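Participant: Pasting the sequence and the predicted coordinates here, then a few questions.
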Amino acid sequence: MKAQPRGEFDHLVLGTADLGEGVSRVADLLGVEPAFGGRHERWGTANYLLSLGPAAYLEIVGPDPAGRPAGEPSLFGIGVPDEPRLLTWVARHPDLNALVEGAGKCGVQLGPVHSGSRRQPGGAELRWEATDPGAFPCDGLVPFFIDWGSTVHPARTAPAGGTLLSFGAEHPDPSLARKMFRCVGVRMEVEEGPNPALVARIETVSGEEVELR
């Protein structure tokens, strides 16, 4: 049987109830001002971006202050966090439908594949396909998956914010989290911790090592 391709790291998602607050926190931590990425009109959110390498980036996402109200504020099917934090992450995968089917047989529900888009400030439109961000398996530790198709990857146009040195997770039951990662073909270090959490170590453009949770 042919081995299924593994997911590759794409980007971190920092969720915030206030975009300005989230952007300020990241700017203070990394020493670089994130750039406005665009609006997701379907969800009533907007984002700011910083590149963390040639094919990796940090997305700060929150309710769009200039957008229309979309009912009770939420991000990825959950309530907005009290303060900015890493909510989840995204991995690239070349065959989303096959991934969803295989993960479901293993007990991990990634939700249906859908198409998405957003307009960049310069007018260009980004398009992608992705699994359901609202599925949120393992409290967001298991990523949702994306296929950018022919779209230019956002990391190539976002300001340089540093380099991702390492990325891992904490969970009260590490063995459970590791099993779920195996089901979706993701390599991830998991340590025991009091609450589910994502932990990223980043080298800033000035050479300082910082931690983002």
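Facilitator: Nice, thanks for sending it over. Numbering: from 1, shown residues only.

Participant: List the residues that contact the closest residue to L75 other than its chain neighbours.
Facilitator: In space, not counting the residues next to it along the chain, L75 is nearest to G15; the distance is 4.6 Å by CB to CB, 6 or more residues apart in numbering. In this view, the C-beta of every residue, glycine as well, is placed from N, C-alpha and C. Going by CB atoms under 8 Å, 6 or more residues apart in numbering, G15 touches G22, V61, G62, L75, F76, V80, P81, P84, R85, L86, L87, T88.

Participant: May I have the beta-bridge partners of G15?
Facilitator: Bridge pairing for G15 (DSSP bridges) gives the partners V61, R85.

Participant: With T45 instead?
Facilitator: With beta bridges defined as DSSP bridges, T45 has these partners: H40, P63.

Participant: mind checking how far it is from V113?
Facilitator: Here T45 is placed at a distance of 20 Å from V113 (CB to CB, to the nearest Å).

Participant: higher neighbour count, the two?
Facilitator: Counted by other CB atoms under 10 Å, T45 and V113 do not tie: T45 has more neighbours, with 23 against 16.

Participant: that older thread, turn the contacts of G15 into TSV, including distance to R156.
Facilitator: Shown next, in TSV, are the contacts of G15 (distance: CB to CB, whole Å):
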residue	distance to R156
G22	23
V61	19
G62	24
L75	25
F76	25
V80	29
P81	29
P84	25
R85	26
L86	22
L87	24
T88	22
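
Participant: Out of the residues you listed, the closest to P143 would be?
Facilitator: When the contacts of G15 are compared for distance to P143, the smallest value, 6.3 Å, is given by T88; criterion: CB to CB.

Participant: Could you pull up the residues touching that closest one?
Facilitator: Under the criterion of CB under 8 Å, 6+ apart, the contact partners of T88 comprise V13, G15, F76, P133, F136, G140, L141, P143, F144, L198.
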